[in-house]
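Novice: Structure of the sequence below:
(one chain, ligands or ions: 2)
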Amino acid sequence: MRAWIVDEPGPVASRPMRLVERPVPEPGSGELLVRVICCGVCRTDLHLAEGDLAPRAPGITPGHEVVGEVAATGPGAARFRPGDRVGVAWLAGTDGTCRYCRRGAENLCPASTYTGWDRHGGYAEYLTVADAFAHPLPGGFSDAELAPLLCAGIIGYRALRRAQVPPGGTLGIWGFGGSAHLAAQIAMGQGAEVHVFTRAPAARDLARSLGVASAQDSFDPAPAPLDSAIIFAPVGEVVPAALAALDRGGTCAIAGIYLTDIPSLNYDKHLFQERNLRSVTANTRGDAAEFLTLAQRLAIKVTTTPYPFDQAGKALADLAGDRIHGAGVLLINNAGTGG
Ligand SMILES: [Zn+2]
Ligand SMILES: [Zn+2]
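Specialist: Ligands and ions are numbered 1, 2, ... in the order given. Now for the predicted structure:
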């Protein structure tokens, strides 16, 4: 089978990924072999390729927004049958026994493993996944639309929960790509007034087309005091701007796995009056199930830009250059025109 690997992490212009031939993997005990239909392109893949996120295994295949079909089941894998459509997301495994797992915070498990970081991901024709960490997929979406739901969507949903938007409250969103455009729709579906801050004019147009209350440049003043903020842009400089825009008691959640350094904060201007600054770390399987149900029920609109499988490097370069409308999706086996 064909698979992309990250050989030597480096700037995306130096082409850090390489397309290789590798045997189709065998599903182990409790695992599924999944034939990949398509795989979303996430900013985390870019951070891995560029070395912002240290590789955990040499020659790893990125990709953790995988829509596929079960091709075979390993011993003891009983949740799915060959032919079932499944999603494979970022969280690939936990120990199930540590104090975080036992209190329902498996996203914090120190022994957790991740698709496309510890285990080979979906920039390939096949991958294996632990049966317990594969997701049943909701109806009402195309394969390409499902892909970004599996990371961008789930993480955005966890960030939204972490931002604690009060009923009918105001939410500011910094950065408006794959994750943000999904979280914004869930927030509006739940009654929030959403204000978007992004440097990309195309992203501001997308935000307006989805019905946000306002869309402006990253450092423009907020049109209203914000109860909550979510920072999707991997840019530490926007943290003080978001905190300054928060109303008393407001909460700012940083959604990304990677952020450039946050400039020094002024206590009075940025934190006093019980403003909260929180991070978001991965997600639980419960977040995933909740989000996929809500996405179907609220019929959220997913904007995707398709890329043929052999254009994965271009997809990452376009993501780095803010040139992707909505979420990029690699079409792999029998998905659209690029299989
Ligand atoms: Zn654990
Ligand atoms: Zn991701």
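
Novice: make it CA atoms for all contacts and neighbour counts henceforth
Specialist: Will do.

Novice: Please confirm that Ser179 is located within a helix.
Specialist: Yes. Remark: Ser179 belongs to a helix, assigned using DSSP: H, G, I helix; E, B strand; the rest coil.

Novice: Pretty sure it sits against Leu150.
Specialist: No. Using Cα atoms under 8 Å, Ser179 is not in contact with Leu150, being 9.9 Å away.

Novice: where exactly do the strands run in the stretch 101-250 of the chain?
Specialist: 113-114, 126-130, 134-136, 170-174, 193-197, 214-216, 226-231, 246-254 (DSSP state E, counting those that start in this stretch).

Novice: any idea of the mean pLDDT in the longest one?
Specialist: Averaged across strand 246-254, the pLDDT comes to 98.

Novice: okay if I get the strands of the stretch 101-250 of the chain as CSV plus distance to ligand 1 and mean neighbour count?
Specialist: Listed next are the strands of the stretch 101-250 of the chain as CSV, based on distance: least, Cα to the ion, whole Å; neighbours: other Cα atoms under 10 Å:
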stretch, distance to ligand 1, mean neighbour count
strand 113-114, 10, 18
strand 126-130, 15, 25
strand 134-136, 18, 19
strand 170-174, 31, 28
strand 193-197, 35, 24
strand 214-216, 40, 22
strand 226-231, 27, 28
strand 246-254, 23, 23
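
Novice: Ok, which of the ones you listed comes nearest Gly87?
Specialist: With distances scored as Cα to Cα, the stretch of these nearest to Gly87 is strand 134-136 (4.8 Å).

Novice: so how far is that closest one off the chain centroid?
Specialist: The chain centre lies 16 Å from the centre of strand 134-136; the measure is Cα atoms, centre = their mean, to the nearest Å.

Novice: ok, back up a step: out of the strands of the stretch 101-250 of the chain, which is closest to Leu316?
Specialist: Ranking the strands of the stretch 101-250 of the chain by distance to Leu316, with Cα to Cα as the measure, places strand 113-114 first at 19.4 Å.

Novice: Pull the residues that contact the closest one.
Specialist: Contact with strand 113-114 is made by 90-94, 119, as judged by Cα atoms under 8 Å, 6 or more residues apart in numbering.

Novice: Of these - the most surrounded one?
Specialist: If you count neighbours using other Cα atoms under 10 Å, the busiest of the contacts of strand 113-114 is Trp90, which has 26 neighbours.

Novice: circling back to that earlier point, distance to Pro75 added to the strands of the stretch 101-250 of the chain, as CSV?
Specialist: Converted to CSV, those look like this (distance: least, Cα to Cα, whole Å):
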stretch, distance to Pro75
strand 113-114, 21
strand 126-130, 11
strand 134-136, 16
strand 170-174, 45
strand 193-197, 48
strand 214-216, 51
strand 226-231, 42
strand 246-254, 40
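
Novice: Just send those back as CSV, with distance to ligand 2 too.
Specialist: Listed next are the strands of the stretch 101-250 of the chain as CSV, based on distance: least, Cα to the ion, whole Å:
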stretch, distance to ligand 2
strand 113-114, 10
strand 126-130, 16
strand 134-136, 15
strand 170-174, 17
strand 193-197, 21
strand 214-216, 24
strand 226-231, 15
strand 246-254, 14
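
Novice: Minimum distance to Val20: which of those strands has it?
Specialist: strand 126-130 (12.9 Å).

Novice: How far does stretch 289-296 sit from its chain's centre?
Specialist: 15 Å.

Novice: what does that stretch rub up against?
Specialist: With contacts defined as Cα under 8 Å, 6+ apart, stretch 289-296 is touched by 135, 137-140, 149, 153-154, 157, 186.

Novice: Just the buried ones from these, in ChimeraX syntax?
Specialist: Entered in ChimeraX, the line below selects the buried ones among the contacts of stretch 289-296, by 16 or more other Cα atoms under 10 Å:
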select :135,137,138,149,153,154,157,186
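
Novice: got JSON lines for the contacts of stretch 289-296, with pLDDT too?
Specialist: Converted to JSON lines, the contacts of stretch 289-296 look like this (pLDDT from 0 to 100):
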{"residue": "His135", "pLDDT": "97"}
{"residue": "Leu137", "pLDDT": "97"}
{"residue": "Pro138", "pLDDT": "96"}
{"residue": "Gly139", "pLDDT": "94"}
{"residue": "Gly140", "pLDDT": "94"}
{"residue": "Leu149", "pLDDT": "96"}
{"residue": "Gly153", "pLDDT": "94"}
{"residue": "Ile154", "pLDDT": "95"}
{"residue": "Tyr157", "pLDDT": "97"}
{"residue": "Ile186", "pLDDT": "97"}
